Every structure is written in structure tokens, then in C-alpha cells.
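S.K.: Quick check, what structure comes out for this input:
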Amino acid sequence: MSAQDEGRRWEQHRVHGDRLVAKVKELVHEGNVRRLVIRDDEGHVLIEAPLTIGVVGALVAPVWAAIGAIAALVAKCSIDVEREGPEEERPEHRDASDRLEALVEGD
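M.R.: As a prediction, this is how the structure comes out:
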């Protein structure tokens with residue numbers, strides 16, 4: 001692991017297309033998100049969006065528009081999230097994410 005990768009980790013969340021925008025907003029609001037990768041049910045990358053502290057407001061508007069368009073086109077997708085910081089910071093998030101995944105996969 002390089003020094004640049006130190007302290008970063010990936011999470012994956014599976015959601016229905018109609019919940020995609022809300023889930024992305026929730027993840028971004030939680031903070032420490034460096035990058036989002038949205039994939040279709042077959043694993044193909046639909047959009048990859050780097051999110052840095054300096055990128056806010058009008059610069060994010062095209063990304064939101066693209067995510068909204070993707071949500072209208074896909075039934076199920078996954079959101080890969082790159083975060084900064086140790087995993088121990090958010091143990092309650094993992095429990096909620098696991099429950100959500102179980103619900104999505106149970107359909």
C-alpha cells in the first residue's frame with residue numbers, strides 16, 4: 001500500500017435505481033467520501049465521480065444530473081465508495097448497510 005492509499009478504504013452499497021440519488025446524497029452528507037463509482041447490475045461502470053472538499057455547489061450539479069439520469073435507466077446498481085479514515089470510525093454505518101443490502105438482494 002502506498003502512502004497515498006494509506007487510510008483509505010472502499011465500501012459497496014447495492015440500491016434500486018429509484019433510491020440511487022437519495023443514497024448518494026446520504027453518503028456525501030456523511031463526509032469523508034473521496035470518490036463514488038456507480039455500476040450497473042453486471043458490474044459495468046456507469047459513472048465515476050471524484051469528490052474532494054473543494055468540489056461543491058455548481059461544480060457538482062452536472063454529476064447530480066448524471067446520477068439522476070442513471071437512476072431513471074437502471075433497476076438495480078451498486079455504489080462503490082472510497083472513504084478516508086479508519087473503518088472503525090463508522091461501525092454503525094456498516095450494520096445499516098448490511099441490512100440494506102439484505103433487503104435489496106432479497107427482492
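S.K.: ok, and the helix or strand in the chain with the lowest average confidence?
M.R.: helix 91-105 (a mean of 52; mean pLDDT, DSSP states H and E).
S.K.: Helices along this protein, start to end?
M.R.: For the chain, the helices defined by DSSP state H occupy 20-30, 61-73, 91-105.
S.K.: Can you name every helix or strand that the shortest one contacts?
M.R.: If I follow you right, that is helix 20-30. strand 8-16, strand 33-40, helix 61-73, strand 76-84 (3 or more Cβ pairs under 8 Å, 6 or more residues apart in numbering; DSSP states H and E). For every residue, glycine as well, the C-beta is placed using N, CA and C.
S.K.: what about 7 Å?
M.R.: helix 61-73, strand 76-84 (3 or more Cβ pairs under 7 Å, 6 or more residues apart in numbering; DSSP states H and E).
S.K.: which of those is buried the deepest?
M.R.: strand 76-84 (a mean of 18; mean count of other Cβ atoms under 10 Å).
S.K.: Can I get it as PDB, trimmed to CA atoms?
M.R.: What follows is strand 76-84 as a C-alpha-only set of coordinates in PDB (Å, rounded to 0.1, in the frame of the first residue of the first chain):
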ATOM      1  CA  LYS A  76     -30.500  -2.100  -9.500                       C
ATOM      2  CA  CYS A  77     -27.000  -0.800  -9.200                       C
ATOM      3  CA  SER A  78     -24.100  -0.600  -6.800                       C
ATOM      4  CA  ILE A  79     -22.300   2.400  -5.400                       C
ATOM      5  CA  ASP A  80     -18.600   1.900  -4.600                       C
ATOM      6  CA  VAL A  81     -17.500   4.500  -2.100                       C
ATOM      7  CA  GLU A  82     -13.800   5.400  -1.400                       C
ATOM      8  CA  ARG A  83     -13.500   6.900   2.100                       C
ATOM      9  CA  GLU A  84     -10.700   8.400   4.100                       C
END
